[in-house]
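Visitor: Using only what follows, build the 3D model:
(chains A and B)
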There are 2 protein chains.
Amino acid sequence: MNFADRLDAAVQSKGNPVCVGLDPRFDQLPKKIVDSALKEHGMTAKAVAEAYYAFNVSILDALSDLVPVCKPQVAFYEELGWEGMRVYEATVRYARRRGMLVISDAKRGDIGTTAQAYARAHLGFTRNPKERPLEEFVADVKSDTWNVAGFDADALTVNPYMGADTLEPFLKVCDANDRGIFVLVKTSNKGSGDLQDLKLEGGKTVMERVADMVHTLGQPRKGSTGLSSVGAVVGATYPEQARKLRELMPDALFLIPGYGAQGGTAQDAAVGFRKDGRGAIVNNSRGIIFAYKQEAYAKHGERDFAGAARAAAQKMADELNAVIRRS
Amino acid sequence: MNFADRLDAAVQSKGNPVCVGLDPRFDQLPKKIVDSALKEHGMTAKAVAEAYYAFNVSILDALSDLVPVCKPQVAFYEELGWEGMRVYEATVRYARRRGMLVISDAKRGDIGTTAQAYARAHLGFTRNPKERPLEEFVADVKSDTWNVAGFDADALTVNPYMGADTLEPFLKVCDANDRGIFVLVKTSNKGSGDLQDLKLEGGKTVMERVADMVHTLGQPRKGSTGLSSVGAVVGATYPEQARKLRELMPDALFLIPGYGAQGGTAQDAAVGFRKDGRGAIVNNSRGIIFAYKQEAYAKHGERDFAGAARAAAQKMADELNAVIRRS
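Guide: Okay, here's the model as predicted:
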């Protein structure tokens, strides 16, 4: 099933467009998890990695019936070396088993076979290599569905700076495996305008040119709702630009970061939705997973950090649903 | 020692500016290595990963006294999941032990603490966690030198699309650990112009604006040769643009891809060097590591694939040295 359709179905079924960012930080984890990991694995990367995984499992257990999508930030796992990537893989698998869609927030981008390698790493179709003969195993190495041991997410964030030809290998793998990409168009950070807002001869901005690229690549990849599997990252922190970008990309899925900690409000985020209230998901990372550290959720205490995360996710869902237009 | 100084010293000591790309592909490895890995590990990602590592070790053994720098392409390891990242880490460590500098070609880019995480993953200073008390271990988690188990390369390629503030965390880690970055400015692929060549109001192009950014960030980071640890990726396939970019970034190290298989010649690459013949390295991946498949190196045969790689690297070194100006 087309990725855009799968995402829309998940949002409709859970009744909200919340995406929870799985961005663990060692110094913000509940003490119980940290202590237990250090006791078992000593002062090692493995200890930090196992603590991340234990934390993620608790968060996913608490959220999976409420939140349709999660978005692990790959950097925080990569930071731990291969042990981190091992628990990243485990996290993706656990989230999918729990019935959530997974967006790998890796912001990859490269040329030709290198882009294909990233795509297969994150969006390949996992097969059991023992199930097939050697000739097929070796031949598979060249195919777009090959993924012997990759991370198997539903979608991947990608960086467009190197050009449209560098997006094609990602799309080929998406097409073969019913996955999606979210192209960075307008990011939520303060300096995002350094390049993205620059005005080109003729009056368009760089990000609008990227938006045109996303729109064009998305046309042959629309699902039954008219939404396309070629999505865009559009920060909640720039609602004016988001409005314009929605016009330029009427069919693209929007992944909207910047809600909460970065200053974007529900009203800001709502701008990115299609007129029928579909077509976007809004991410919140620290505001949900570390909610137990906020005054508002103090009653849960550190012990019930997962309950605090659930309460924060529910509040965000309610806030968004109150302002998203549904025409 | 400043990264630019270290790179320059390595190039002067080996007498050439060749960078060998460690981009293994399973279907191009010598049969002996493939068979041995499959026999030991079955049809698994581990088998592919171990074959990559065995291949890299042979290549590094054959090249380390001749070639100053290597550049593993992270995508090809990431494609294999965490097993791939494990041998990627081993490859970086082996190359550094062999006295080569290592550029992690990962093209990472993200905001704030996420960028810091990528920087620490690839450019952190490896310490033995057992050597220090628990309080320090936990405190280290917040520092720019923390790298419990990362990949510990000398430099990292980074993507500037998200803005100058997203480069700062990388630079902070570089400053703390004497490492460098190479910012994508003009890439070697056909579609690189889609965004990079766009003309802005006022006449500059997007890549020239990125070049200005690289130049500015590099000024406080110059070594004794006047070269800066904030480098630029500038493809050999666009010599006219490279000439202009060298003017805009007189002090930046250039990492020049696109030589050989992609069509760039030694003359094209030479344009990126400073007038005194310093300040750039030229990458070749497949043309060196899979030289044994070329007619010109057939006499080495598959058995002596490493000897073929050495001969190809020597030829490239001679070709470059013949055309690089030294004023």
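Visitor: looking at this, A:A119 is in a strand?
Guide: No - assigned with DSSP: H, G, I helix; E, B strand; the rest coil, A:A119 falls outside any strand and is helix.
Visitor: what about A:K315, neighbour count?
Guide: Neighbourhood size, A:K315 [other Cβ atoms under 10 Å in any protein chain shown]: 16. (Glycine included, C-beta is placed from N, CA and C.)
Visitor: I figured A:K31 was touching A:G301, is that so?
Guide: No - contact between A:K31 and A:G301 fails when scored by Cβ atoms under 8 Å: they sit 11.5 Å apart.
Visitor: out of these two, which sits in the more crowded spot?
Guide: Counting neighbours by other Cβ under 10 Å for A:K31 and for A:G301 shows that A:G301 has the greater number, 12 against 9.
Visitor: Which residues are in contact with that one?
Guide: Taking Cβ atoms under 8 Å, 6 or more residues apart in numbering or on different chains, we find A:G301 in contact with A:Y292.
Visitor: ok, now how distant is it from chain B?
Guide: Using Cβ to the nearest Cβ, to the nearest Å, A:G301 is found at 21 Å from chain B.
Visitor: again, but for A:R96
Guide: In terms of Cβ to the nearest Cβ, A:R96 sits 15 Å off from chain B.
Visitor: and that residue, what pLDDT?
Guide: pLDDT, A:R96: 94.
Visitor: likewise the one 4 residues further on?
Guide: As summarised for this prediction, A:M100 has a pLDDT of 98.
Visitor: And what about A:V92, helix, strand or coil?
Guide: Judged by three-state DSSP, the three-state class of A:V92 is helix.
Visitor: Report how many residues lie close to it.
Guide: A:V92, neighbours per other Cβ under 10 Å, totals 26.
Visitor: which ones are touching it?
Guide: So A:V92 contacts A:P72, A:V102, A:S104, A:F151, A:D152, A:A153 (Cβ under 8 Å, 6+ apart).
Visitor: quick one: it and A:R98, what's the gap?
Guide: Counting by Cβ to Cβ, to the nearest Å, the gap from A:V92 to A:R98 is 11 Å.
Visitor: Mind picking the two most distant members of the contacts of A:V92?
Guide: A:P72 and A:D152 (12.2 Å; Cβ to Cβ).
Visitor: and those two? which has more neighbours close in?
Guide: Remark: of A:P72 and A:D152, A:P72 carries more neighbours, 27 against 21, as counted by other Cβ under 10 Å.
Visitor: Three-state assignment for that one, please.
Guide: Assignment for A:P72 (three-state DSSP): strand.
Visitor: on that earlier part again, let me know the closest of the contacts of A:V92 to B:I59.
Guide: A:F151 (27.3 Å).
Visitor: quick one on the thing from earlier: now, which of the contacts of A:V92 lie within strands?
Guide: Within the contacts of A:V92, residues falling in strands by DSSP state E are A:P72, A:V102, A:S104.
Visitor: separation between the residue nearest to the first one when sequence neighbours are not counted and B:G15?
Guide: Using Cβ to Cβ, 6 or more residues apart in numbering or on different chains and skipping residues adjacent in sequence, the residue nearest A:P72 is A:L22, 4.0 Å away. Applying Cβ to Cβ, one obtains 49 Å for the distance of A:L22 from B:G15.
Visitor: More neighbours: which of the two?
Guide: Neighbour count, other Cβ under 10 Å: between A:L22 and B:G15, A:L22 has more, with 25 against 11.
Visitor: How much space separates the more buried one from chain B?
Guide: Taken as Cβ to the nearest Cβ, the span from A:L22 to chain B is 13 Å.
Visitor: repeat for A:R108
Guide: 7 Å.
Visitor: tally of neighbours for that residue?
Guide: So A:R108, with other Cβ under 10 Å, has 28 neighbours.
Visitor: how about it, what does it touch?
Guide: So A:R108 contacts A:A115, A:Y118, A:H122, A:L156, A:T157, A:V158, A:N159, B:A75, B:K107 (Cβ under 8 Å, 6+ apart).
Visitor: Let's see that with 10 Å instead.
Guide: With Cβ atoms under 10 Å, 6 or more residues apart in numbering or on different chains as the criterion, the residues that contact A:R108 are A:74, A:114-115, A:117-119, A:121-122, A:156-159, A:166, A:170, A:181, B:74-75, B:78, B:106-109, B:159.
Visitor: Tell me, how many residues neighbour whatever residue of the stretch 201-327 of chain A ends up closest to chain B?
Guide: Nearest to chain B in the stretch 201-327 of chain A, going by Cβ to the nearest Cβ, is A:E201, at a distance of 4.6 Å. For A:E201, the count of nearby residues is 11 (other Cβ under 10 Å).
Visitor: cool, and A:R243?
Guide: Neighbours around A:R243, by other Cβ under 10 Å: 12.
Visitor: Many thanks, we can stop here.
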